[in-house]
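[1] fold the following, please.
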Amino acid sequence: MIDPEGFRPNVGIILSNEQRRLFWGRRIGQNAWQFPQGGIRADETPLQAMYRELEEEVGLCPHQVTVLGCTQGWLRYRLPRRFIRRRCGPTCIGQKQIWFMLRVDCGENAFCLDRSEKPEFDAWRWVRYWHPLREVVYFKRHVYAQALEELAPLLYPEHAQRPVRPTEPGETDGARHGESPKPGGRHRAPQMASQLRQRRR
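    Numbers count the residues shown, from 1 in each chain. The predicted model follows:
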C-alpha cells in the first residue's frame, strides 16, 4: 500500500525496559542495527499493525507490553535513489511512519526473534536513549531523531531528567555481548545462530 506521494505507511516501535534502555536489533545477516518497524496493511490501524509487527519481529504479545504513547503525525524518510524500484508496480520513494513507545512488562526470556518465517533480527541488545542515532543507517537518522525527540517525555516526564542529545558522534554506549556479564548484552536466537553458521559455510 503506497500513498499518492509514493510513501508506504509504516509503524516504528521503540521498546524500553525498567532502566529506560531501548531495544536495539541487528538485521539478520547484516551489520546493521535498527528499531523494529513494518508496513501497515490496508485493513489495519497503526495500532493493530504495531502489535502484529511486535510479535513477528520480537516475539512479544500485547499483554507483555504497555503502550506509553505514539507520535502525533506521520514522520517521513526518503530512500536513496539506488534503493528505489521503479519497474515493479507503484513506485515507493520512502516510508511514512507512526512511532510507538512501549514499556516491556516481561522478562528478557520472552523475546523471540525467529517467531516468523522471515525473521528481521538475529541479535539484540539494550542501549542508551540516544545511542540509535549513532548506528542507524544514515537515511533514517533524521526520522529517528524526530521520533526520539517527540517521545522522550513519555520516558522522562521531568525535563531535567531527560538525557541530553549528543551534538557530535561519539563512542557507542550499547552493552555488547562479550563486553559485559550483566543482562542486556547482545542476545541471539539460538536456532537462528546455527542457521547463520550453516549459510557461511
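
[2] which parts of this protein are helices?
    46-58, 132-135, 141-155, 190-200 (DSSP state H).

[3] thinking Phe7 is in contact with Gln95, fair?
    Yes. Phe7 lies in contact with Gln95 (CB atoms under 8 Å); the separation is 6.2 Å. C-beta here means a position set from N, CA and C on the backbone, and glycine is covered the same way.

[4] neighbour count: these two, which is higher?
    Shown here are Phe7 and Gln95; by other CB atoms under 10 Å, Gln95 has more neighbours (22 against 19).

[5] need the contact list for that one.
    Applying CB atoms under 8 Å, 6 or more residues apart in numbering to Gln95 gives the contacts Phe7, Arg8, Pro9, Asn10, Gln37, Arg76, Tyr77, Leu79.

[6] out of those, which sit inside strands?
    Among these, the ones falling in strands (DSSP state E) are Phe7, Arg8, Pro9, Asn10, Gln37, Arg76, Tyr77.

[7] quick one: common contacting residues for Phe7 and Gln95?
    Contact criterion CB under 8 Å, 6+ apart; residues shared by Phe7 and Gln95: Arg76.

[8] any idea which residue is closest to the centre of this structure?
    Closest residue to the average C-alpha location of the chain: Phe35 at 1.1 Å, with CA atoms, centre = their mean.

[9] so how far is Asp43 from it?
    To Asp43, Phe35 is 24 Å away according to CB to CB, to the nearest Å.

[10] cool, and Leu113?
    Distance from Leu113 to Asp43, by CB to CB: 26 Å.

[11] between the two, who's got more neighbours?
    Comparing Leu113 with Asp43 by neighbour count (other CB under 10 Å), the higher total belongs to Leu113, at 24 against 8.

[12] the more buried one against Glu55, yeah?
    No. Assessed by CB under 8 Å, Leu113 is found out of contact with Glu55, at 11.5 Å.

[13] any low-confidence regions in the protein?
    Within the chain, the segments meeting pLDDT under 70 span 82-89, 168-185, 188-201.

[14] let's go with 90 and repeat that
    By pLDDT under 90, the low-scoring segments of the chain are 1-6, 79-94, 158-162, 166-201.
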